[in-house]
Each structure stands twice: as structure tokens, then as C-alpha cells.
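**Q** structural data only, the sequence is not supplied:
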């Protein structure tokens, strides 16, 4: 019986070696090839055919485009340099709105007229809110109100290069009572000006 086990043991051992050899990891070989050289741009060639001869005319490639310089407006002065202007009347907004109300549009028309007559004046438009809502929301709403006001003035001929905006949200109320009459006074856009 032992004679029969010896060839079986040899076969099992050979099978095990073959199995282990087949499962071994092969090394990853990466062959890096040199990048192909980029050929120079071909010149533009045009052929002119006549009855008796063919002439090849070579035209040079166009020169590279020059960098474009964009003119930027000078930055407007900081808000602390502006002062209230009695000739410019504040406007008010409905709760949670940034749209110009019809009555306030008339006020803005008057403000735009004054600003067109005084081109030496820069204007700062402040956007304000009442205390309802989060501080972040009110800052964003005040910004929308100031932008809406600036866009209205621009539509009436006031150059946007003369205007800047800032939002104070609920931080600068004109009235501190907790009622609608007071809150409506705080929902406003105010105008400050400065000579250039």
C-alpha cells in the first residue's frame, strides 16, 4: 500500500507547486515611450494655376494675438467718506421685498434728476431691513434692495460708475419699537453722497 501512496504524494506535490506558481503575482511592467515630437505649424500654401504654369505662393502665419487690456474704473471711496445728502430722499420697501414701489419710483425719479444735474457727486446706496429674519438673510435682502435701487437709477440715466452699494441688514434701525409702523420705517434704501 505504501508503494501506491508515493506516486500520489509526488503528484499532489507537483500539483501544489504548479498551483502556487500560477497564482503568483506578476510584476507590473510599464514601458514609457518618448512623446512624439510636435511638428511645427505648416505654412499656409495657396496654389495659383494658369494655362502655362503653376505658381506656389507661401503666406506667413498670422502673428500671435496681443494681450487685451481691460480698462477698470477707479474704486469708489469707502463708505465712511460719504455723508447724508438732504437733496436725496430715502425710499421704503414692503416686507421681505426688494421691488421698487410705485410711490417710491417717483421719489427715485426725483433723485435721478438731481444726480444727473450734479455729475460731480458720487452716491452710496445703503440697503436696510427690519429686525425680522436672520442677520444673514437681512444682509442679503438689504443688498438686493440696494441693487434694485441702483438699477432703477441707472435706468434713469445715472452712471453706475458713480454709484456703490452697501447692505447693513437690520444693524442700523431708525426705529426700535416692535410694531409694523416702526418696522416699515426700517425697510429702506438711503442715499449718501460725496463730491468726486
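**A** Okay, I see it. Note that the structure is predicted; figures quoted are calculated from it, not measured.
**Q** how far away is residue 168 from residue 189?
**A** 11 Å (CB to CB, to the nearest Å). In this view, the C-beta of every residue, glycine as well, is placed from N, C-alpha and C.
**Q** more neighbours: which of these two?
**A** More neighbours surround residue 189 than the other of residue 168 and residue 189, with 28 against 18 (other CB atoms under 10 Å).
**Q** residues that sit against both of residue 168 and residue 189, list them.
**A** Residues touching both residue 168 and residue 189 by CB atoms under 8 Å, 6 or more residues apart in numbering: 126, 127, 128.
**Q** export those as a markdown table, with columns for distance to residue 113, pLDDT and neighbour count.
**A** Formatted as a markdown table, the shared contacts of residue 168 and residue 189 follow (distance: CB to CB, whole Å; pLDDT from 0 to 100; neighbours: other CB atoms under 10 Å):
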| residue | distance to residue 113 | pLDDT | neighbour count |
| --- | --- | --- | --- |
| 126 | 20 | 98 | 22 |
| 127 | 22 | 98 | 28 |
| 128 | 24 | 98 | 27 |
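**Q** residue 77: which of the residues you listed is nearest?
**A** Ranked by distance to residue 77 (CB to CB), the shared contacts of residue 168 and residue 189 are led by residue 126 at 14.4 Å.
**Q** beta partners for that closest one?
**A** Listed beta-bridge partners, residue 126: residue 166, residue 190 (assigned using DSSP bridges).
**Q** is it in contact with residue 189, as I believe?
**A** Yes - between residue 126 and residue 189 there is a contact at 6.6 Å, judged by CB atoms under 8 Å.
**Q** got any residues that touch both of these two?
**A** residue 146.
**Q** who's in contact with the helix or strand where residue 145 lies?
**A** When elements are assigned from DSSP states H and E, residue 145 belongs to helix 135-155. Under the contact criterion CB under 8 Å, 6+ apart, helix 135-155 has outside partners 91, 93, 96, 98-100, 105, 108, 111-112, 115, 123, 125-131, 133, 160, 163, 165-171, 187-189.
**Q** gap between the two ends of stretch 128-143?
**A** End-to-end distance of stretch 128-143 (CA to CA, to the nearest Å): 8 Å.
**Q** now stretch 75-84
**A** 20 Å.
**Q** one more: stretch 180-191?
**A** So stretch 180-191: terminal residues 23 Å apart, CA to CA.
**Q** swap in stretch 114-121?
**A** 10 Å.
**Q** and what of stretch 175-182?
**A** 5 Å.
**Q** quick one: residues in contact with that stretch.
**A** 130, 183, 185, 186.
**Q** kindly report the same for stretch 89-109.
**A** In contact with stretch 89-109 (CB under 8 Å, 6+ apart) are residues 110-111, 130, 132-133, 141, 144-145, 147-149, 152-153, 156, 183-185, 187-191.
**Q** repeat that with 6 Å
**A** Here stretch 89-109 makes contact (CB atoms under 6 Å, 6 or more residues apart in numbering) with 144, 145, 148, 152, 187, 188, 189, 190.
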